[in-house]
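[1] here is my input; please provide its structure:
(one chain, ligands or ions: 1)
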Amino acid sequence: MSDSTEIVLSDVSLRFRLYQEKNVSLKEKFADLLKGRTAGHSKEFWALQQINLRIAHGERVGIVGHNGAGKSTLLKTICRIYEPTNGSLQVCGKVAPLLEIGAGFNPELSGRENIFLNGAILGFRKSELREIEEEVVEFTQLGDFINAPVKYYSTGMYMKLAFAIATSVHPEILILDELFAGGDAEFIDRAQARMAKFVDSSSILVFVSHQESLVRQLCNRVIWLDHGRVVADGPTSDVLHRYLNK
Ligand SMILES: Nc1ncnc2c1ncn2[C@@H]1O[C@H](COP(=O)(O)OP(=O)(O)OP(=O)(O)O)[C@@H](O)[C@H]1O
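    Residues are numbered from 1 along each chain as shown. Predicted coordinates:
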């Protein structure tokens, strides 16, 4: 694992266009046409605004903020699912995103087959995946369900499999969104222990959560987002203290 693993965002802003359903009269349509405006009304919305961040090797970063603050959008931008509208992004290191349960899974394939599919999407070779296959199966504790199509899995079962894959292939950068939502208490305990091991291998972790205790436990740095802007960035206890007493 290289020491140069890092994520750098320079002045990153991201704009969404919200298309609005609106009943437009024939007269308005005609006026739009004459003025050269296209049909359909859109409103611009800046989900991220001038974000400057450097996340270095060994950092475990928690992202906190109100609903709609831009946390998931920030993760998706780091994973290159969204292209910044302005600014630039540099990511050095292999990224394993664990963003939406079931993303990168084929519902018709079994859990075991999805280890290979999901692993390949994460950029790992078949031989590397064969080495981790049994360990992943064991961690999920899915029993015979591992050979059943994942379309029959519950949310919690999906999550066990997705989490086990993402944390067994030893990515340099692990990106997690609300990781433990839907998991049972026993799984959460085992997942946290596994996570601590992953974090000890000194990669980068970027973790979005509304669960203060998890952020406190896993992260050594916290970024507080508010309406798409960074309002605080620093040691976990300092930023959480400010965030919780806002
Ligand atoms: N694809 C999209 N198109 C348009 N708007 C979007 C899109 N994705 C997110 N948004 C909007 O961008 C804003 C930020 O959303 P985001 O999901 O990043 O928030 P969040 O901080 O993760 O919220 P939560 O804590 O509720 O998960 C919200 O207002 C959301 O409605």
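[2] pull the CA atoms of the host helix or strand of L161 into PDB?
    Here L161 is covered by helix 155-168, with elements defined by DSSP states H and E. Extracted as PDB, the C-alpha positions of helix 155-168 are listed here (Å, rounded to 0.1, in the frame of the first residue of the first chain):
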ATOM      1  CA  THR A 155     -31.500  -5.300   2.900                       C
ATOM      2  CA  GLY A 156     -29.500  -6.500   5.900                       C
ATOM      3  CA  MET A 157     -28.200  -9.600   3.900                       C
ATOM      4  CA  TYR A 158     -27.300  -7.400   0.900                       C
ATOM      5  CA  MET A 159     -25.400  -5.200   3.200                       C
ATOM      6  CA  LYS A 160     -23.500  -8.000   4.900                       C
ATOM      7  CA  LEU A 161     -22.300  -9.200   1.500                       C
ATOM      8  CA  ALA A 162     -21.500  -5.800   0.100                       C
ATOM      9  CA  PHE A 163     -19.600  -4.800   3.200                       C
ATOM     10  CA  ALA A 164     -17.700  -8.100   3.400                       C
ATOM     11  CA  ILE A 165     -16.500  -7.700  -0.200                       C
ATOM     12  CA  ALA A 166     -15.600  -4.000   0.000                       C
ATOM     13  CA  THR A 167     -13.500  -4.600   3.200                       C
ATOM     14  CA  SER A 168     -11.900  -7.800   2.200                       C
END
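[3] what mean pLDDT does that helix have?
    Averaging pLDDT along helix 155-168 gives 86.
[4] which stretches of this structure form helices?
    For the chain, the helices defined by DSSP state H cover 26-34, 71-78, 111-121, 126-140, 155-168, 185-200, 212-218, 236-244.
[5] out of the ones you listed, nearest to P149?
    Of all the helices of the chain, it is helix 111-121 that lies closest to P149, at 8.4 Å by C-beta to C-beta. Where you see a C-beta, it was placed from the backbone N, CA and C, and this is true even at glycine.
[6] in that closest one, what counts as buried?
    111-119 (16 or more other C-beta atoms under 10 Å).
[7] and which of those is nearest the ligand?
    Relative to the ligand, the closest of these is N118; by C-beta to the nearest ligand atom it sits at 22.7 Å.
[8] pLDDT score assigned to that closest one?
    If you check N118, the pLDDT there is 88.
[9] just to check, it is in contact with A162?
    Yes: contact status for N118 versus A162: in contact at 7.1 Å, counting by C-beta atoms under 8 Å.
[10] overlap in contacts, these two.
    Residues touching both N118 and A162 (C-beta atoms under 8 Å, 6 or more residues apart in numbering): 104-105.
[11] the buried residues of helix 111-121 into JSON lines, with extra columns for distance to A96?
    Formatted as JSON lines, the buried residues of helix 111-121 follow (distance: C-beta to C-beta, whole Å):
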{"residue": "G111", "distance to A96": "18"}
{"residue": "R112", "distance to A96": "19"}
{"residue": "E113", "distance to A96": "19"}
{"residue": "N114", "distance to A96": "15"}
{"residue": "I115", "distance to A96": "13"}
{"residue": "F116", "distance to A96": "15"}
{"residue": "L117", "distance to A96": "14"}
{"residue": "N118", "distance to A96": "10"}
{"residue": "G119", "distance to A96": "10"}
